[in-house]
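Engineer: Provided below are the primary sequence and the corresponding predicted coordinates.
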Amino acid sequence: MDALPRIIGIDYGAQRIGLAMSDPLRLYAQSLGAYSSDEALRQLASLNTDPGFDTIVVGWPLTLSGEEGAATDSVRSFTRLLSRRFPGKKMVMQDERYSSVRARDLLVRSGVRKKARRRKERIDAAAAAVILQDYMDDTQEQTS
């Protein structure tokens, strides 16, 4: 059986971009780290080898009321850049409300020490995994 292309999850931020990737069966998200914009693009390029990835899930920053806010414009610009760099990849916007809070909670429950949890990079990477896992769970529910 050939390996399926992976799915990439992204938590975009002005300072750092959290990245996550699905497992080969597309059931679980694994955080990869948080990077500067240029480094994140290099990481994505290195992940785009056989079998690579076919879908990029980007956290879409909606306000608490579900409206697009100021942060949406920055993410929209970044998704345009991704579309140019990785043509032919499916681009999905996933509601990211509460992803950082949930990521912090997951780090607590997984035993990450308080000092390490304060590192914003760790939360950004975990938030990318939360965003990706939400997408995969939603997709799984739709096919069930």
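Structural biologist: Structure received.

Engineer: Leaving aside the residues adjacent along the chain, what's closest to G69?
Structural biologist: The shortest distance from G69 to any non-neighbouring residue, by CB to CB, 6 or more residues apart in numbering, is to T63 (4.6 Å). The C-beta positions use only the backbone N, C-alpha and C, and glycine is treated the same way.

Engineer: For burial, what's the neighbour tally of the one you found?
Structural biologist: A count of nearby residues for T63, using other CB atoms under 10 Å, gives 12.

Engineer: Begin at 164, not 1, for the rest of this chat.
Structural biologist: Renumbered: residue one is now 164, and that last one reads T226.

Engineer: Tell me the pLDDT of it.
Structural biologist: We note a pLDDT of 84 for T226 in this prediction.

Engineer: That one contacts T235, correct?
Structural biologist: No. In this structure, T226 is not within contact of T235 by CB atoms under 8 Å, at 9.0 Å.

Engineer: Any buried residues in stretch 240-248, and which?
Structural biologist: Neighbour-count burial for stretch 240-248, counted by 16 or more other CB atoms under 10 Å, picks out 241-242, 245.

Engineer: Not counting it itself, show me its contacts.
Structural biologist: For stretch 240-248, contacts defined as CB atoms under 8 Å, 6 or more residues apart in numbering pick out 173, 175, 180, 200, 204, 207-208, 219, 221, 252, 254, 256.

Engineer: again, only this time at 7 Å
Structural biologist: Stretch 240-248 has contacts (CB atoms under 7 Å, 6 or more residues apart in numbering) with 175, 204, 219, 221, 254.

Engineer: For this protein, which segments count as helices?
Structural biologist: For the chain, the helices defined by DSSP state H occupy 200-210, 233-248, 262-272, 277-280, 283-306.

Engineer: which stretch among the ones you listed comes nearest Y191?
Structural biologist: Among those, helix 283-306 comes nearest to Y191, with 7.1 Å by CB to CB.
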